[in-house]
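Student: no FASTA, just this:
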């Protein structure tokens, strides 16, 4: 027996809502990873500059 149109619309809307939520979770994860990489690189550069100021030769 076929489903009523209203029920089909509800199912489609639920699927779209879940897909949007999943995309938000994925982008949030990518953003966090990117921020960790940028933060780590910034920390390494800052430590290298401090070491140079302290008189250490880095290379």
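Tutor: Cool, got the structure. Note that the structure is predicted; figures quoted are calculated from it, not measured. Numbering: from 1, shown residues only.

Student: what about the strands in the protein?
Tutor: Using DSSP state E, no strands are found in the chain.

Student: Quick one: low-confidence residue ranges for it.
Tutor: With pLDDT under 70 as the threshold, the chain has low-confidence stretches at 59.

Student: what about the helices in it?
Tutor: Along the chain, the segments classed as helices by DSSP state H run 5-53.

Student: so what's residue 48 up against?
Tutor: Going by CB atoms under 8 Å, 6 or more residues apart in numbering, residue 48 touches residue 58. C-beta coordinates here come from the backbone N, C-alpha and C atoms, glycine included.

Student: State the distance from residue 49 to residue 27.
Tutor: The gap separating residue 49 from residue 27 is 32 Å, by CB to CB, to the nearest Å.

Student: ok, now residue 46?
Tutor: Using CB to CB, residue 46 is found at 28 Å from residue 27.

Student: cool, residue 54 as well?
Tutor: 40 Å.

Student: more neighbours, those two?
Tutor: The neighbour comparison of residue 54 against residue 27 (other CB atoms under 10 Å) goes to residue 27, with 10 against 7.

Student: could you check the distance from that one over to residue 12?
Tutor: Applying CB to CB, one obtains 23 Å for the distance of residue 27 from residue 12.

Student: Also residue 48?
Tutor: Summarising the geometry, the distance separating residue 48 from residue 12, computed by CB to CB, is 54 Å.
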